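J.: I'd like to go over a predicted model; first the sequence, then the structure.
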Amino acid sequence: MINYFDDGKDNMYPFSLSRESVDMFYGTMTNRMRVAGFCMTKDHNPETMDVEINGAFRGFAALEKIFALQPGQALYDASGRMVASFGEEKERVDTEESLLFEYAFQMMMDNGTFIKEDAAFLGFEENKVTDLGAARIEEHVHFDTSDGPVIIDKGAVINAFSRIEGPAYIGRDVQILSAKVRENCSFFDKVRIGGEVEDSIFYPFSNKCHEGFVGHSIFGSFVNLGAFTTTSDLKNTYGGIAIQLNGKLIDTGSNKIGTFCGDHSKTGIGTLINSGTVIGFSANLFGGGFFKKEYTSYYWGRADRGTIYKLEKAMGTAKAVMPRRGLEFTKEDEELFTSIWNEENRG
(Lines give C-alpha, C1' and ligand atoms only; values in the text may rest on other atoms or scores of the structure.)
Protein backbone atom coordinates (compact mmCIF):
# COMPACT_ATOMS: atom_id res chain seq x y z
CA MET A 1 0.00 0.00 0.00
CA ILE A 2 0.99 3.60 -0.55
CA ASN A 3 0.80 5.61 2.68
CA TYR A 4 1.31 9.34 3.18
CA PHE A 5 2.83 11.29 6.04
CA ASP A 6 3.08 14.96 7.03
CA ASP A 7 6.23 16.29 8.65
CA GLY A 8 5.45 20.02 8.34
CA LYS A 9 1.74 20.39 9.04
CA ASP A 10 2.08 23.69 10.94
CA ASN A 11 3.84 25.29 7.97
CA MET A 12 0.83 24.54 5.75
CA TYR A 13 -1.55 26.55 7.95
CA PRO A 14 -4.38 27.50 7.48
CA PHE A 15 -5.10 24.89 4.78
CA SER A 16 -3.74 22.06 6.94
CA LEU A 17 -6.51 22.67 9.46
CA SER A 18 -8.94 20.84 7.18
CA ARG A 19 -6.80 18.54 4.99
CA GLU A 20 -3.52 16.70 4.73
CA SER A 21 -0.70 18.07 2.58
CA VAL A 22 -1.35 15.38 -0.03
CA ASP A 23 -4.84 16.84 -0.55
CA MET A 24 -3.79 20.46 -1.06
CA PHE A 25 -4.40 21.97 -4.49
CA TYR A 26 -1.90 23.44 -6.94
CA GLY A 27 -1.28 23.18 -10.66
CA THR A 28 -4.23 21.18 -11.98
CA MET A 29 -4.73 18.67 -9.13
CA THR A 30 -3.72 17.43 -5.67
CA ASN A 31 -0.70 15.25 -4.91
CA ARG A 32 -2.98 12.30 -4.15
CA MET A 33 -4.32 12.64 -7.69
CA ARG A 34 -0.78 12.89 -9.06
CA VAL A 35 0.21 9.60 -7.43
CA ALA A 36 -2.89 7.88 -8.83
CA GLY A 37 -2.21 9.22 -12.31
CA PHE A 38 1.49 8.37 -12.13
CA CYS A 39 0.83 4.79 -11.03
CA MET A 40 -1.73 4.29 -13.78
CA THR A 41 0.54 5.69 -16.48
CA LYS A 42 3.63 3.81 -15.32
CA ASP A 43 1.69 0.58 -14.64
CA HIS A 44 2.48 0.51 -10.92
CA ASN A 45 0.09 -1.38 -8.64
CA PRO A 46 -0.37 0.63 -5.39
CA GLU A 47 -1.87 -2.44 -3.69
CA THR A 48 1.39 -4.37 -3.91
CA MET A 49 3.76 -1.54 -2.96
CA ASP A 50 5.18 -0.88 0.50
CA VAL A 51 5.92 2.83 0.21
CA GLU A 52 5.56 5.91 2.40
CA ILE A 53 5.45 9.28 0.67
CA ASN A 54 5.72 12.76 2.13
CA GLY A 55 2.45 14.44 1.10
CA ALA A 56 4.24 17.73 0.39
CA PHE A 57 6.26 16.46 -2.59
CA ARG A 58 6.76 18.88 -5.48
CA GLY A 59 4.87 17.54 -8.48
CA PHE A 60 5.54 14.83 -11.04
CA ALA A 61 9.29 15.53 -11.17
CA ALA A 62 9.53 14.51 -7.51
CA LEU A 63 7.44 11.40 -8.19
CA GLU A 64 9.94 10.30 -10.83
CA LYS A 65 12.63 10.38 -8.13
CA ILE A 66 10.41 8.64 -5.60
CA PHE A 67 9.44 5.73 -7.82
CA ALA A 68 13.04 5.28 -8.95
CA LEU A 69 13.89 4.10 -5.42
CA GLN A 70 14.72 0.47 -4.82
CA PRO A 71 13.20 -1.59 -1.98
CA GLY A 72 14.92 -0.70 1.29
CA GLN A 73 15.86 2.83 0.23
CA ALA A 74 14.71 6.18 1.63
CA LEU A 75 15.02 9.44 -0.30
CA TYR A 76 15.98 12.74 1.40
CA ASP A 77 15.96 16.12 -0.30
CA ALA A 78 18.29 19.10 0.04
CA SER A 79 16.62 20.24 3.27
CA GLY A 80 17.33 16.89 4.96
CA ARG A 81 13.64 15.95 5.12
CA MET A 82 12.55 12.49 4.08
CA VAL A 83 10.70 12.45 0.78
CA ALA A 84 9.76 8.76 0.62
CA SER A 85 10.83 5.28 1.67
CA PHE A 86 10.32 1.78 0.28
CA GLY A 87 9.98 -1.07 2.78
CA GLU A 88 11.29 -1.42 6.32
CA GLU A 89 15.01 -1.07 5.77
CA LYS A 90 16.00 2.50 4.98
CA GLU A 91 19.28 2.95 3.11
CA ARG A 92 19.59 6.72 2.90
CA VAL A 93 19.62 8.26 -0.59
CA ASP A 94 20.39 11.98 -0.57
CA THR A 95 19.78 14.54 -3.29
CA GLU A 96 20.70 18.20 -3.53
CA GLU A 97 17.36 18.94 -5.19
CA SER A 98 14.39 20.56 -3.43
CA LEU A 99 11.66 17.92 -3.72
CA LEU A 100 9.31 19.12 -0.96
CA PHE A 101 7.24 22.21 -0.25
CA GLU A 102 8.11 23.77 3.08
CA TYR A 103 5.25 26.31 3.14
CA ALA A 104 1.87 26.56 1.45
CA PHE A 105 2.77 29.90 -0.15
CA GLN A 106 5.40 28.11 -2.24
CA MET A 107 2.60 26.27 -4.05
CA MET A 108 1.29 29.65 -5.18
CA MET A 109 4.74 30.96 -6.09
CA ASP A 110 5.47 27.99 -8.37
CA ASN A 111 1.91 27.35 -9.54
CA GLY A 112 2.53 28.28 -13.17
CA THR A 113 5.46 25.87 -13.37
CA PHE A 114 3.28 23.04 -12.07
CA ILE A 115 0.41 23.83 -14.46
CA LYS A 116 2.92 23.38 -17.29
CA GLU A 117 4.38 20.22 -15.72
CA ASP A 118 0.91 18.69 -15.23
CA ALA A 119 -0.05 19.58 -18.78
CA ALA A 120 3.07 17.90 -20.15
CA PHE A 121 2.49 14.75 -18.08
CA LEU A 122 -1.11 14.58 -19.29
CA GLY A 123 -0.02 14.96 -22.90
CA PHE A 124 -1.57 18.36 -23.59
CA GLU A 125 -0.09 20.62 -26.23
CA GLU A 126 2.34 23.24 -25.04
CA ASN A 127 1.13 26.85 -25.17
CA LYS A 128 -2.32 25.87 -26.43
CA VAL A 129 -5.90 26.03 -25.18
CA THR A 130 -7.04 22.54 -24.20
CA ASP A 131 -10.80 22.02 -23.77
CA LEU A 132 -11.48 18.73 -21.96
CA GLY A 133 -15.11 18.68 -23.04
CA ALA A 134 -18.56 20.12 -22.41
CA ALA A 135 -17.21 23.61 -21.67
CA ARG A 136 -19.23 26.61 -22.81
CA ILE A 137 -17.09 29.47 -24.08
CA GLU A 138 -19.02 32.53 -25.21
CA GLU A 139 -17.95 34.88 -28.00
CA HIS A 140 -15.42 37.65 -27.36
CA VAL A 141 -13.25 35.63 -24.96
CA HIS A 142 -9.51 36.13 -25.44
CA PHE A 143 -6.90 33.51 -24.54
CA ASP A 144 -3.20 34.43 -24.35
CA THR A 145 -1.09 31.26 -24.39
CA SER A 146 2.23 32.90 -25.23
CA ASP A 147 3.63 32.01 -21.77
CA GLY A 148 1.82 28.74 -21.11
CA PRO A 149 -1.25 26.59 -21.73
CA VAL A 150 -4.84 27.23 -20.71
CA ILE A 151 -6.54 24.02 -19.60
CA ILE A 152 -10.34 24.14 -19.46
CA ASP A 153 -11.92 21.22 -17.62
CA LYS A 154 -15.33 19.66 -18.20
CA GLY A 155 -18.42 21.79 -17.73
CA ALA A 156 -16.62 25.12 -17.31
CA VAL A 157 -18.40 28.29 -18.44
CA ILE A 158 -16.45 31.34 -19.63
CA ASN A 159 -18.50 34.47 -20.18
CA ALA A 160 -18.00 36.98 -22.96
CA PHE A 161 -15.33 39.67 -22.57
CA SER A 162 -13.12 37.53 -20.34
CA ARG A 163 -9.35 37.54 -20.87
CA ILE A 164 -7.39 34.51 -19.68
CA GLU A 165 -3.60 34.36 -19.70
CA GLY A 166 -1.71 31.10 -19.49
CA PRO A 167 -0.51 29.17 -17.74
CA ALA A 168 -3.96 28.68 -16.23
CA TYR A 169 -6.24 25.87 -15.11
CA ILE A 170 -10.02 26.36 -15.25
CA GLY A 171 -11.48 23.42 -13.30
CA ARG A 172 -14.68 21.40 -13.58
CA ASP A 173 -17.88 23.47 -13.64
CA VAL A 174 -15.94 26.68 -12.93
CA GLN A 175 -17.61 29.93 -14.00
CA ILE A 176 -15.51 32.82 -15.29
CA LEU A 177 -17.76 35.89 -15.10
CA SER A 178 -16.33 38.32 -17.67
CA ALA A 179 -13.12 38.37 -15.65
CA LYS A 180 -9.51 39.33 -16.24
CA VAL A 181 -7.53 36.20 -15.35
CA ARG A 182 -3.82 36.87 -15.44
CA GLU A 183 -1.04 34.28 -15.49
CA ASN A 184 -0.42 31.38 -13.07
CA CYS A 185 -3.98 30.90 -11.79
CA SER A 186 -5.77 27.66 -10.83
CA PHE A 187 -9.49 27.50 -10.12
CA PHE A 188 -10.82 24.14 -8.93
CA ASP A 189 -14.29 22.54 -9.00
CA LYS A 190 -17.28 24.92 -9.12
CA VAL A 191 -15.30 28.07 -8.30
CA ARG A 192 -16.79 31.35 -9.55
CA ILE A 193 -14.45 34.15 -10.62
CA GLY A 194 -15.12 37.79 -11.48
CA GLY A 195 -12.97 40.92 -11.46
CA GLU A 196 -9.18 40.56 -11.74
CA VAL A 197 -7.10 37.65 -10.45
CA GLU A 198 -3.36 37.06 -10.76
CA ASP A 199 -1.03 34.28 -9.56
CA SER A 200 -3.65 32.73 -7.30
CA ILE A 201 -5.22 29.39 -6.36
CA PHE A 202 -8.87 28.93 -5.43
CA TYR A 203 -9.88 25.62 -3.83
CA PRO A 204 -13.21 23.99 -4.82
CA PHE A 205 -16.56 25.67 -4.16
CA SER A 206 -15.25 29.19 -3.45
CA ASN A 207 -16.65 32.46 -4.81
CA LYS A 208 -15.14 35.67 -6.10
CA CYS A 209 -18.06 36.68 -8.27
CA HIS A 210 -17.60 40.45 -8.25
CA GLU A 211 -15.14 43.23 -9.01
CA GLY A 212 -11.97 43.61 -6.97
CA PHE A 213 -8.37 42.47 -7.34
CA VAL A 214 -6.84 39.28 -5.90
CA GLY A 215 -3.16 38.58 -6.41
CA HIS A 216 -0.52 36.08 -5.23
CA SER A 217 -3.01 34.40 -2.91
CA ILE A 218 -4.57 31.06 -1.96
CA PHE A 219 -8.20 30.72 -0.87
CA GLY A 220 -9.55 27.52 0.65
CA SER A 221 -12.90 25.84 -0.03
CA PHE A 222 -16.27 27.51 0.61
CA VAL A 223 -14.68 30.96 0.87
CA ASN A 224 -16.84 33.88 -0.29
CA LEU A 225 -15.31 37.25 -1.16
CA GLY A 226 -17.79 40.11 -1.05
CA ALA A 227 -17.95 42.66 -3.86
CA PHE A 228 -14.83 44.82 -4.22
CA THR A 229 -12.81 42.72 -1.79
CA THR A 230 -9.22 43.52 -2.76
CA THR A 231 -5.91 42.04 -1.67
CA SER A 232 -2.68 43.96 -1.58
CA ASP A 233 0.21 41.86 -2.86
CA LEU A 234 2.94 44.51 -3.05
CA LYS A 235 4.27 47.02 -0.53
CA ASN A 236 4.64 50.66 -1.56
CA THR A 237 8.33 50.23 -0.74
CA TYR A 238 8.60 47.14 -3.00
CA GLY A 239 10.25 45.41 -0.04
CA GLY A 240 10.12 41.75 0.94
CA ILE A 241 6.95 40.47 2.60
CA ALA A 242 6.81 38.29 5.73
CA ILE A 243 3.77 36.43 7.08
CA GLN A 244 2.67 35.52 10.61
CA LEU A 245 2.30 31.76 10.83
CA ASN A 246 1.24 30.28 14.15
CA GLY A 247 2.91 33.10 16.03
CA LYS A 248 6.13 32.98 14.00
CA LEU A 249 7.25 35.61 11.51
CA ILE A 250 8.21 33.85 8.26
CA ASP A 251 10.20 35.59 5.54
CA THR A 252 8.64 34.50 2.22
CA GLY A 253 11.64 35.65 0.20
CA SER A 254 9.28 37.49 -2.15
CA ASN A 255 7.96 41.01 -2.56
CA LYS A 256 4.72 39.72 -4.16
CA ILE A 257 2.57 38.01 -1.50
CA GLY A 258 -1.17 38.41 -1.01
CA THR A 259 -3.60 36.51 1.25
CA PHE A 260 -3.77 32.92 2.52
CA CYS A 261 -7.30 32.18 3.67
CA GLY A 262 -8.66 28.99 5.25
CA ASP A 263 -11.85 27.10 4.37
CA HIS A 264 -15.31 28.57 5.05
CA SER A 265 -14.04 32.11 5.69
CA LYS A 266 -15.91 35.14 4.30
CA THR A 267 -15.33 38.82 3.58
CA GLY A 268 -17.90 41.60 3.38
CA ILE A 269 -18.19 44.16 0.60
CA GLY A 270 -15.32 46.59 0.25
CA THR A 271 -12.89 44.55 2.35
CA LEU A 272 -9.26 45.63 1.87
CA ILE A 273 -6.70 43.01 2.89
CA ASN A 274 -3.07 43.78 3.64
CA SER A 275 -0.19 42.08 1.84
CA GLY A 276 0.98 38.90 3.55
CA THR A 277 -2.28 38.31 5.45
CA VAL A 278 -3.17 34.91 6.94
CA ILE A 279 -6.82 34.18 7.76
CA GLY A 280 -7.85 31.03 9.61
CA PHE A 281 -10.82 28.69 9.24
CA SER A 282 -14.41 30.02 9.23
CA ALA A 283 -13.51 33.64 9.92
CA ASN A 284 -15.84 36.47 8.92
CA LEU A 285 -14.31 39.87 8.07
CA PHE A 286 -16.59 42.81 7.32
CA GLY A 287 -17.20 46.51 7.82
CA GLY A 288 -14.65 47.98 5.44
CA GLY A 289 -11.32 49.44 6.50
CA PHE A 290 -7.83 48.05 5.97
CA PHE A 291 -7.44 44.69 7.67
CA LYS A 292 -4.28 43.72 9.50
CA LYS A 293 -2.00 40.75 8.75
CA GLU A 294 -3.38 37.89 10.85
CA TYR A 295 -6.85 36.68 11.84
CA THR A 296 -7.41 33.47 13.74
CA SER A 297 -10.04 30.84 12.99
CA TYR A 298 -13.57 31.89 13.95
CA TYR A 299 -12.71 35.59 14.09
CA TRP A 300 -15.85 37.66 13.58
CA GLY A 301 -15.70 41.41 13.08
CA ARG A 302 -14.19 44.54 11.69
CA ALA A 303 -10.58 45.39 10.97
CA ASP A 304 -10.05 47.09 14.32
CA ARG A 305 -12.34 45.11 16.60
CA GLY A 306 -13.99 41.76 16.62
CA THR A 307 -15.21 38.83 18.65
CA ILE A 308 -15.40 35.06 18.26
CA TYR A 309 -17.77 33.51 15.74
CA LYS A 310 -19.95 31.16 17.78
CA LEU A 311 -19.41 27.54 16.77
CA GLU A 312 -23.11 26.82 16.31
CA LYS A 313 -23.56 29.89 14.07
CA ALA A 314 -20.45 29.05 12.04
CA MET A 315 -21.78 25.55 11.40
CA GLY A 316 -25.19 27.03 10.60
CA THR A 317 -23.65 29.13 7.85
CA ALA A 318 -21.89 26.08 6.41
CA LYS A 319 -25.18 24.15 6.50
CA ALA A 320 -26.73 26.93 4.42
CA VAL A 321 -23.82 27.26 1.98
CA MET A 322 -22.91 23.66 1.17
CA PRO A 323 -26.28 22.58 -0.33
CA ARG A 324 -25.88 25.45 -2.82
CA ARG A 325 -23.02 23.37 -4.23
CA GLY A 326 -24.96 20.11 -4.05
CA LEU A 327 -23.23 18.99 -0.86
CA GLU A 328 -24.54 17.99 2.55
CA PHE A 329 -23.12 19.15 5.87
CA THR A 330 -22.20 15.78 7.37
CA LYS A 331 -21.25 14.42 10.76
CA GLU A 332 -17.63 14.54 9.59
CA ASP A 333 -18.01 18.25 8.83
CA GLU A 334 -19.41 18.87 12.31
CA GLU A 335 -16.47 17.01 13.81
CA LEU A 336 -14.04 19.08 11.72
CA PHE A 337 -15.57 22.40 12.82
CA THR A 338 -15.52 21.27 16.46
CA SER A 339 -11.97 19.94 16.25
CA ILE A 340 -10.62 23.21 14.83
CA TRP A 341 -12.57 25.16 17.44
CA ASN A 342 -10.96 23.12 20.21
CA GLU A 343 -7.51 23.05 18.59
CA GLU A 344 -7.37 26.82 18.46
CA ASN A 345 -8.39 27.09 22.12
CA ARG A 346 -11.91 28.30 21.56
CA GLY A 347 -13.43 25.67 23.82
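T.: Nice, thanks for sending it over.

J.: What strands flank the lowest-mean-pLDDT helix or strand in the chain, and is each parallel or antiparallel?
T.: Taking mean pLDDT, DSSP states H and E as the measure, the helix or strand of the chain with the lowest value is strand 290-291, at a mean of 85. Applying DSSP bridges, strand 290-291 is found paired with strand 272-273 (parallel).

J.: Check the offset of the strand it pairs with from the chain's centre.
T.: 19 Å (Cα atoms, centre = their mean, to the nearest Å).

J.: next one: stretch 27-35
T.: 11 Å.

J.: distance between the ends of it?
T.: The first residue of stretch 27-35 is 14 Å away from its last residue (Cα to Cα, to the nearest Å).

J.: list the buried ones in that stretch?
T.: Under the neighbour-count criterion of 16 or more other Cβ atoms under 10 Å, stretch 27-35 has 27-32, 34-35 buried. No exception for glycine: its C-beta is placed from N, CA and C like everyone else's.

J.: Touching, Thr267 and Gly226? I think so.
T.: Yes: counting by Cβ atoms under 8 Å, Thr267 touches Gly226, with 5.1 Å between them.

J.: what's the overlap in contacts for those two?
T.: By the contact definition Cβ atoms under 8 Å, 6 or more residues apart in numbering, Thr267 and Gly226 are jointly contacted by Phe286.

J.: Spell out which residues sit in contact with the closest residue in space to Phe105 that isn't next to it in sequence, please.
T.: The shortest distance from Phe105 to any residue other than its chain neighbours is 5.7 Å, reached at Thr252 (Cβ to Cβ, 6 or more residues apart in numbering). Neighbour list for Thr252: 103, 105, 109, 240-243, 276 [criterion: Cβ under 8 Å, 6+ apart].

J.: switch the cut-off to 10 Å
T.: Shown here is Thr252, whose contacts under the criterion Cβ atoms under 10 Å, 6 or more residues apart in numbering are 103, 105-106, 108-109, 216, 240-243, 245, 276.

J.: before we move on, the earlier item: so between Thr267 and Gly226, which is more surrounded?
T.: When neighbours are counted by other Cβ atoms under 10 Å, Thr267 and Gly226 differ, and Thr267 comes out ahead with 28 against 18.

J.: That one bridge partners, please.
T.: In this entry, Thr267 is beta-bridged to Leu225, Leu285, by DSSP bridges.

J.: Against Leu63, how distant is the residue nearest to Phe105?
T.: Between Thr252 and Leu63 the distance is 26 Å, computed by Cβ to Cβ, to the nearest Å.

J.: what's the answer for Asp189, then?
T.: For Asp189, the distance to Leu63 - Cβ to Cβ - is 23 Å.
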